[in-house]
Every structure is written in C-alpha cells, then in structure tokens.
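Enquirer: give me coordinates for this.
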Amino acid sequence: MIRSFIAPVALTVCCLLCSSVFAGIPGSLPQTAAVYRDLAGLKSECDRTIQMAVQLREATRSARKSVDQSIDVTKAINAMDKRLVKLIDRLKPYASVPKVRTVARTLSKNLQRIQTQLHSLRLKTDRCEQEVLRPTQKRLQDLEQSLAGAEHKLRGLKRDIDEKMTQLDQAAQVAQHTQFTRQVLESTAQTLRQATSVTLNAVRQTRQQMDGVGYKLQSLNQYASKFRTVGNSLNDMDRKMRTPEEMVAKLDQAIGKRLTIKIPFSKKSVSFTIRQILEKPGEVMNVVLKPLEKLADGILQPILGKMNLEIQSPKGLQELEQQLASLGSFQVTLGSVCDGLVRQLGTRIDQEIARLRAVRITIPTTPRLTQRQRDLEPVVQPVEQPIAKDKPAKRTQPAMFITFGP
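Expert: Take a look at the predicted model:
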C-alpha cells in the first residue's frame, strides 16, 4: 500500500509560514480567516497527494516492467514448446536405428513429457497475453502518464493557493476599516470557502484512490513473480537444450557419412553409409562388417554419450497455471480502480481547479455617493456660538453724588 510521508521539519515550516500570514487577518473578518485556514489545509493536502503520486508513479512503472517481463515469458513458453516439438520430430527417424534407438527413444520420451506440460500451459498463457497482460500493460501506461500530469496540476494548484492567500491578506488589511468593505470581502470569502471545501474533498478522494491502486499493484507483483520463476527456469532449460540439439545435428551428419574399407586379399574397396551399416547389415559383406561396425561405433559413441541425458521440467509450471485461473478476474478489478483514478486525475481535478480559480478576490473600496444620495442627505447648519454683550464696568468704589442746593 502506498503511504505518503511528509518530513516533520517541512510541516513545521509550512505551519509557521501560514500562521505568520494568518496573524495579519483581523478578527472582524471571520469568514476570511476561516477560508485562509481552509486554503492552508488544501495546500498541505496537495503536498501529501503529490508525494503519493510520485511514489505511485514509480510503483506503476515497476509494475508495468513486470508485465512486460511476463509477456516475454509467455513468448518464451511459446518458443520453447515449438522448439521441443521440432527436436522430438528430429529424433523420430532414429527410433528404429540399432545402437542409436535406445538413446533416441529415451531422450525423446523425456522431451515429450516436458512438451506435454509446457503445451498445456502455453494454451493458457497465449490467451492470457492477449486478454489480460496486453490490456494491463496499456492501462498502466495510461495511469503512469496521468500521474505525471496530476503532479503538474497539483503544483499549479499550490501556486494558485499561495496567490489567493496573499490576496486575502492584502484585501483584509484594506477591508477592515469600513463595514461595507468588510461585507464585500466576507461574501467573497464565503464563496471561496465553498469552492475550497469541494476541491479539498476531491484531492482527498484522489489520494484514497491512489492508495487503493497501490494495494492492487502489490497483488499484481505476486502474479508477476510466478511468471519470473518460469522465465528463469526456461533460461536454464535453454542452455541445457543446446546439447541435445547440437548432438542431433552431429548425428544427422554422422549417420549419412560414408565409410570406405578395402576388402581383404583383394585390391577392391567397398563403401557404405553408417545408416546402411546399422540398418541393413545383411547387405554388407561379412568379411568387412565387423571392421565397418567398429568404425561406425567410433564415430557414434561420442555423440550418443552426450545425448544420454535427462532434462528436468521447468520450475513453477503448475504454480503459474493455478495463478492464471484467477488472473482474469483480478485484471477486471485492477482495470476498474485504475480507470477510476485516471478519470479522477483528469476530469474531476480539472473541474475543481477551474472552480477554485473562478473565484476572484479583489480589494474592496468604499463606494462613492451618487448625486441623488447627496441631495437626500440632510443639510446640517453649523452651530453658532452666542456673542456676549459688553457690560458696564463694575464700580469698585462708591459713587459720589454732588448736590447743589438753592
């Protein structure tokens, strides 16, 4: 199962950076602060998902190579089956030749036993290659390309998130001064928060699907290991098959070789092929039969000695045949999860990224009053302070009146 891992140091740095910017958003803008937190969370989810996408892409590439190797093994099974049939056919003419037939029959029987087992498996692996391995190979190629594209998309989404977080911080510094600008920014933040929530769910669902595909790829490797066992054994058998093939080729040349011998007490010579000597000894003069048989034995025995061998059946044939019975249904399940992830990485992620980008954050400004709004405003008269009147100066000394009498 593919598990994502983010280094604690990287997470700590990310949290410190986010908290330092978040501290600049006033408490009078709760929706703006909330969506800022949501965007920070979405960015962290993107980091985890990118990390998992990288790991899954490597696992997919490895699984695809395993499928490639399995296809090579099916071809090797097919080739070895044909190779065995050809060698068995080449041994058939020697099944009745004296002094050769015992070795030829023994080797032929050994090869026929292996060919019977291998041919039974070949019928199933040929079908598996066309119906299971080739489609799986194509599906893994598509998944590998989709994962590479998803990494690029998610990194682009992170840049969008950084831009929106910066815009939110800048807008908050302006919007905090008036009620109107606060309302405008809070409304935009609420819309952005809804889009962020949907995108966050999509990214989380993508990571869950990646995890499911990674688990299936591990199971696929178990099937591939059965193919590898047979493939390695076939490579070993290929080396062992060279000896009887080379010896049969030499036997073909030796059996047709003509031996010439001089008739005793005569100036005449006679010649016979080794096949004639072995198959029709009655046609050979008794006087020269023994010497000719001795010459023939001297040529044949080194060849027959190397043909007197037993080749073991390739390992893992039965185990692979048993695995093939369930490989078809597994391929259907694997195809379903891979196709679902490819759709998620394509259409769904594209839609949610577009939805998030569609929300525009602008720095709100206080609206200007129209002429009608200015006319309707009450005219406030300036308040005039009362002007104090001059008062006569207060006498500090008693007034003196002079009265004149008559």
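Enquirer: show me where the stretch 151-300 of the chain has helices.
Expert: 179-255, 274-279, 286-307 (DSSP state H, counting those that start in this stretch).
Enquirer: tell me the buried residues in the shortest one?
Expert: Burial within helix 274-279, assessed by neighbour count using 16 or more other C-beta atoms under 10 Å, is assigned to 274, 275, 276, 277, 278. Where C-beta positions appear, they are placed from N, C-alpha and C, glycine not excepted.
Enquirer: residue 246: how many residues sit nearby?
Expert: For residue 246, the neighbour count with other C-beta atoms under 10 Å is 13.
Enquirer: repeat that for residue 295.
Expert: Neighbours of residue 295 (other C-beta under 10 Å): 16.
Enquirer: repeat that for the one 5 residues further on.
Expert: Close neighbours of residue 300, defined as other C-beta under 10 Å, add up to 22.
Enquirer: now it: closest residue in space that isn't a chain neighbour?
Expert: Spatial nearest neighbour of residue 300, excluding adjacent residues (C-beta to C-beta, 6 or more residues apart in numbering): residue 254 at 6.1 Å.
Enquirer: just checking, residue 251 touches residue 93?
Expert: No: applying C-beta atoms under 8 Å, one finds residue 251 not in contact with residue 93, separated by 9.8 Å.
Enquirer: between the buried residues of helix 274-279, which sits nearest residue 126?
Expert: residue 275 (38.9 Å; C-beta to C-beta).
Enquirer: so what's the residue nearest to the closest one when sequence neighbours are not counted up against?
Expert: Closest residue in space to residue 275, ignoring its immediate chain neighbours: residue 255 at 4.8 Å, by C-beta to C-beta, 6+ apart. Counting by C-beta atoms under 8 Å, 6 or more residues apart in numbering, residue 255 touches 94, 97, 100, 273, 274, 275, 278.
Enquirer: quick one: residue 255 and residue 211, what's the gap?
Expert: 66 Å (C-beta to C-beta, to the nearest Å).
Enquirer: any regions of the stretch 51-200 of the chain where pLDDT drops low?
Expert: Along the stretch 51-200 of the chain, the model assigns pLDDT under 70 to no residue.
Enquirer: need the buried residues of helix 274-279 in JSON lines (columns: distance to residue 148 and pLDDT).
Expert: Compiled in JSON lines, the buried residues of helix 274-279 are given as follows (distance: C-beta to C-beta, whole Å; pLDDT from 0 to 100):
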{"residue": "274", "distance to residue 148": "66", "pLDDT": "87"}
{"residue": "275", "distance to residue 148": "66", "pLDDT": "87"}
{"residue": "276", "distance to residue 148": "71", "pLDDT": "85"}
{"residue": "277", "distance to residue 148": "71", "pLDDT": "85"}
{"residue": "278", "distance to residue 148": "68", "pLDDT": "86"}
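Enquirer: ok, of these, which one's closest to residue 110?
Expert: Looking across the buried residues of helix 274-279 and measuring by C-beta to C-beta, the closest to residue 110 is residue 278, at 22.6 Å.
Enquirer: farthest pair within the contacts of residue 255?
Expert: Across the contacts of residue 255 (C-beta to C-beta), the longest gap, 14.1 Å, separates 94 and 273.
Enquirer: and these two? Which one has more around it.
Expert: Higher neighbour count among residue 94 and residue 273: residue 94, with 24 against 16, using other C-beta under 10 Å.
Enquirer: wait, the more buried one sits on residue 101?
Expert: Yes: here residue 94 lies in contact with residue 101, judged by C-beta under 8 Å, at a distance of 6.1 Å.
Enquirer: give me the buried positions along stretch 159-166.
Expert: Using 16+ other C-beta under 10 Å as the test for burial, stretch 159-166 gives 160, 161, 164, 165.
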